[in-house]
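# the following comprises the amino acid sequence and a computationally predicted model.
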Amino acid sequence: MLNFVTTNPGKVREATEYLDDDVQQFDFDYPEVQADDLRTVAAEGARAAYHAAGGPVIVDDAGLFIDAFDGFPGPYSSYVEDTVGVERVWRMTEPEDDRGAAFKTVIAYCDGEGFEATPDPDGIDREARRGQDLSADARGAATTDEQVHDGSAKSSETVPVKLFEGRVNGEIVAPRGEGGFGFDPIFEHDGTTFAEMSTEQKNAISHRGRALAKFAEWYGER
Ligand SMILES: O=P(O)(O)OP(=O)(O)OP(=O)(O)OC[C@H]1O[C@@H](n2cnc3c(O)ncnc32)[C@H](O)[C@@H]1O
């Protein structure tokens, strides 16, 4: 059994599509380190959660990155959703010429074991790496004790963590749709907002779906 460490049942709903009955929600509000990149937050969260759960865990740190605001709210998306709110993020973006945005996620897996380094970064979304923002994330992680080249994060003093990334591009629009969670109503991809999609439709293209697919493939081979 795999613990999906999150306070957000919406994330678990999406993960069960990939991991069937092997996944359960572990409602643990891991301490989010002050960091500008998702990788560091996810990796440190997975280590803390692994110690709390005493078994294999995955942590998903995600965010909405709006181009006109240099990636804001990014790693602070949860806080901004709670304080500013989804509707006002739309109204802030509305006057901008460029309403482009991306959802990104980093899934961190930790089971207390080490991982073999792979020369080809199968845990890294190549599309994401081409994107400016995730390159910045990768640079940020490289300055910490994380090892990023093979998609795993290691240091001599900490428990190894394996990272899987996903990204999807879209546009910020006026809220539409009742499904999903968080910023889904204002994130449009190919003419449809994420809140107008079923979980299956969203998973097929979303940041989390892409990261989960990579994780599920790697996990299934173990
Ligand atoms: O930390 P946990 O407990 O997992 O739950 P959380 O919801 O606070 O999760 P994050 O710290 O990863 O914050 C991600 C925020 O980014 C936004 N977000 C991430 N993925 C999203 C998605 O698929 N759809 C809509 N909003 C999303 C939403 O505001 C989330 O609260």
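It's in.
# quick check: nearest residue in space to Glu17, chain neighbours excluded?
Residue nearest to Glu17 in three dimensions, not counting chain neighbours: Asn203, with 5.2 Å by Cβ to Cβ, 6 or more residues apart in numbering. The way it works is simple: take the backbone N, C-alpha and C, and place the C-beta from them, glycine included.
# is the ligand contacted by the helix or strand containing the one you found?
Element membership for Asn203 (DSSP states H and E) is helix 199-205. No - applying Cβ under 6 Å from any ligand atom, one finds helix 199-205 separated from the ligand by no less than 7.2 Å.
# hmm, back to that, please list all residues in contact with the residue nearest to Glu17.
Going by Cβ atoms under 8 Å, 6 or more residues apart in numbering, Asn203 touches Glu14, Glu17, Tyr18, Gly209, Leu212.
# same check, this time on Glu196
Arg176, Gly177, Gly179.
# change it to 6 Å
Glu196 sits next to Arg176, Gly177 when contact means Cβ atoms under 6 Å, 6 or more residues apart in numbering.
# which residue packs closest to the residue of the chain found nearest the ligand, ignoring adjacent ones?
The nearest approach of the chain to the ligand comes at Gly182, 2.5 Å away (Cβ to the nearest ligand atom). Excluding the flanking residues, the one nearest Gly182 by Cβ to Cβ, 6+ apart is Glu81, at 5.7 Å.
# quick revisit: what is the neighbour count of the residue of the chain closest to the ligand?
Residues near Gly182, counting by other Cβ atoms under 10 Å, number 20.
# flag every residue of this structure that's near the ligand.
Going by Cβ under 6 Å from any ligand atom, the residues of the chain near the ligand are 6-8, 11, 60-64, 77-78, 81, 103, 180-184, 194, 206, 208.
# just the buried members of these?
Buried subset of the residues of the chain next to the ligand (neighbour count, 16 or more other Cβ atoms under 10 Å): 6, 8, 11, 60-64, 77-78, 81, 103, 180-184, 194, 206, 208.
# element containing the residue of the chain most remote from its centre?
What lies farthest from the middle of the chain is Pro95; by Cα atoms, centre = their mean that is 27.7 Å. For Pro95, there is no host helix or strand (DSSP H and E).
# hmm, back to that, identify each buried residue in the helix holding Asn203, please.
For helix 199-205, by 16+ other Cβ under 10 Å, it's Thr199, Lys202, Asn203, Ile205.
# which residue ranges of this protein form strands?
Using DSSP state E, the strands of the chain run over residues 2-5, 23-26, 57-66, 73-74, 100-110, 152-153, 161-172, 187-189, 192-193.
# among these, which is nearest Arg91?
Arg91 sits nearest to strand 161-172 of all the strands of the chain, at 10.1 Å, using Cβ to Cβ.
# tell me where the model's unsure across this protein.
Residue ranges of the chain with pLDDT under 70: 20-21, 34, 116-157.
# is the most centrally placed residue in the chain in a bridge, and if so with what?
Centroid-nearest residue in the chain: Thr105, 1.8 Å away (criterion: Cα atoms, centre = their mean). Here Thr105 sits in beta bridges with Ala62, Gly166, going by DSSP bridges.
# Thr193 now?
Under the criterion used (DSSP bridges), Thr193 bridges to Glu188.
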